[in-house]
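Asks: Here you go, sequence then predicted model.
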Amino acid sequence: MDEQARIMQALGGVSLAGHSVQGGMALPPPHGHDGTDGDGRKQDIGDILHQIMTITDQSLDEAQAKKHGLNCHRMKPALFSVLCEIKEKTGLSIRGAQEEDPPDPQLMRLDNMLLAEGVSGPEKGGGSAAAAAAAAAAGGSPADNSIEHSDYRAKLSQIRQIYHTELEKYEQACNEFTTHVMNLLREQSRTRPISPKEIERMVSIIHRKFSSIQMQLKQSTCEAVMILRSRFLDARRKRRNFSKQATEILNEYFYSHLSNPYPSEEAKEELAKKCSITVSQVSNWFGNKRIRYKKNIGKFQEEANLYAAKTAVTAAHAVAAAVQNSQTNSPTTPNSGGYPAPCYQSDGRIQ
DNA sequence: TGTAATGATTTACA
DNA sequence: TGTAAATCATTACA
């Protein structure tokens, strides 16, 4: 170390008890330097401060001249390689150089999701599959579906656009910053020992930092897509009341089968077809109707009577038609073979 | 704007 | 797996 200090001094640098200072850059002492001499250290610090003050007092021209002198010094290439070697030995320049980044599972998940949703990768209709699935689940009319579909696609396309713009910005910033740092290090490598390996390491550090920013972007994009999906897929958020006609058909069936309001699978399918809704919507409707009817029969009594009358009229018409056609088989009356029609008490309770 | 109505979902159970 | 019951979230209406 003493030899190194002497060389530094000879080159016009500042020798500071084991620390070589050049243009504000300090080379730490190699391992093993204990520096336990208390008074000596105080003196060193005083020297350092003094030297720093001296440096700042120097004019730029003087500094440049010194720098030039250093660069042109015949010993410089030899010193540079020696210092590089020392740095290699101390492990400063190779620390972490071998760190191979394993693929981040979280990043992979984000990438996969963005790819699946059509946000990253080639545009594939902006999640039309998801939109179609949601539309089917919602059981809306085809016209409604196409409106929702295009709405979903438009919003997804917006997200995609923002994602790509931001990604491009990050990449540009990363490249600019990397170039800047590389130039800076190359420039500094003229006056302090920086090996190409070290520059590479620095570049990889920068890339790692920027990729973590990219991950945040991907994460927030995924969140936006999830919110969009949940809004689109959650049928409760876009509930539409069934058409009056559909409700009529369902009510007619319900009240004409009041004693056993449990339509078979076939009946459900038929009702679904008639009402232009799905079988599960029919099941939901009957589930809701049964529980609400049971809970408050009184409230539904009027409705029940109305539909009973309606059914009776329909049946009478059927009978009349049958008689007219001289047909022998009588029409099927509601509830025939099933539960008896409810008999209402004065309080509206079913007997 | 508050409230009733209503379609959908969730949970428990047979 | 279908249903009851409770609950949620939205719509319709006064």
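Replies: Received it, and whenever you're ready, just let me know what you need.

Asks: ok now do the residue nearest to A:Leu107 when sequence neighbours are not counted, which residues does it touch?
Replies: Excluding its sequence neighbours, the residue lying closest to A:Leu107 (C-beta to C-beta, 6 or more residues apart in numbering) is A:Met215, at 5.6 Å. Bear in mind the C-beta positions are built from the backbone N, C-alpha and C, glycine included. With contacts taken as C-beta atoms under 8 Å, 6 or more residues apart in numbering, A:Met215 has the following neighbours: A:Asp104, A:Gln106, A:Leu107, A:Leu110.

Asks: does DNA strand C sit close to the strand or helix carrying A:Met215?
Replies: Here A:Met215 sits within helix A:196-233, counting by DSSP states H and E. No: using C-beta under 7 Å from any atom of the strand, helix A:196-233 stays clear of DNA strand C, coming no nearer than 7.6 Å.

Asks: So for that helix, what gets flagged as buried?
Replies: A:198-199, A:201-203, A:206-207, A:210-211, A:214, A:217-218, A:221-222, A:224-225, A:228-229, A:232-233 (16 or more other C-beta atoms under 10 Å).

Asks: Which of the contacts of A:Met215 ranks first by neighbour count?
Replies: In terms of neighbour count, A:Leu110 stands highest of the contacts of A:Met215 at 19 neighbours, by other C-beta atoms under 10 Å.

Asks: Which of the contacts of A:Met215 sits closest to DNA strand B?
Replies: DNA strand B lies nearest to A:Leu110 out of these, by C-beta to the nearest atom of the strand, at 24.3 Å.

Asks: and stretch A:65-77, which residues are buried?
Replies: Neighbour-count burial for stretch A:65-77 flags A:Lys66, A:Leu70 (criterion: 16+ other C-beta under 10 Å).

Asks: Kindly export it (C-alpha atoms) in CSV.
Replies: Only the C-alpha atoms of stretch A:65-77 are listed here, as CSV (Å, rounded to 0.1, in the frame of the first residue of the first chain):
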residue,chain,number,x,y,z
ALA,A,65,-4.2,20.4,-16.5
LYS,A,66,-3.5,18.0,-13.6
LYS,A,67,-5.9,15.5,-15.1
HIS,A,68,-4.3,15.8,-18.5
GLY,A,69,-0.9,15.3,-16.9
LEU,A,70,-2.1,12.3,-15.1
ASN,A,71,-3.6,10.8,-18.3
CYS,A,72,-0.4,11.4,-20.2
HIS,A,73,1.9,10.1,-17.6
ARG,A,74,4.1,7.3,-18.8
MET,A,75,3.3,5.3,-15.7
LYS,A,76,-0.4,5.7,-16.0
PRO,A,77,-1.3,2.5,-18.0
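
Asks: so how far is A:Arg160 from A:Met226?
Replies: Here the criterion is C-beta to C-beta, to the nearest Å. By it, A:Met226 lies 15 Å from A:Arg160.

Asks: Ok, A:Ala246 next?
Replies: Applying C-beta to C-beta, the value for A:Ala246 to A:Arg160 is 37 Å.

Asks: and the stretch 251-351 of chain A, which of its residues are near DNA strand C?
Replies: Counting by C-beta under 7 Å from any atom of the strand, the stretch 251-351 of chain A sits next to DNA strand C at A:Tyr262, A:Glu265, A:Ser283, A:Gly287, A:Asn288, A:Arg290, A:Ile291, A:Lys294, A:Lys295.

Asks: Convert stretch A:169-179 to PDB, retaining C-alpha atoms only.
Replies: Taking Å, rounded to 0.1, in the frame of the first residue of the first chain, the C-alpha atoms of stretch A:169-179 are listed here in PDB:
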ATOM      1  CA  LYS A 169     -41.200   5.400 -21.900                       C
ATOM      2  CA  TYR A 170     -39.500   3.200 -19.300                       C
ATOM      3  CA  GLU A 171     -37.400   1.500 -21.900                       C
ATOM      4  CA  GLN A 172     -36.300   4.800 -23.400                       C
ATOM      5  CA  ALA A 173     -35.500   6.200 -20.000                       C
ATOM      6  CA  CYS A 174     -33.600   3.000 -19.100                       C
ATOM      7  CA  ASN A 175     -31.500   3.200 -22.300                       C
ATOM      8  CA  GLU A 176     -30.800   6.900 -21.900                       C
ATOM      9  CA  PHE A 177     -29.700   6.400 -18.300                       C
ATOM     10  CA  THR A 178     -27.600   3.300 -19.100                       C
ATOM     11  CA  THR A 179     -25.800   5.200 -21.900                       C
END
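
Asks: A:Lys268 is in what secondary structure piece?
Replies: Using DSSP H and E, A:Lys268 sits in helix A:265-275.

Asks: quick one: average pLDDT of that helix?
Replies: What helix A:265-275 shows for mean pLDDT is 94.

Asks: mind listing what's buried in it?
Replies: Going by neighbour count (16+ other C-beta under 10 Å), the buried part of helix A:265-275 is A:Lys268, A:Glu270, A:Leu271, A:Ala272, A:Cys275.
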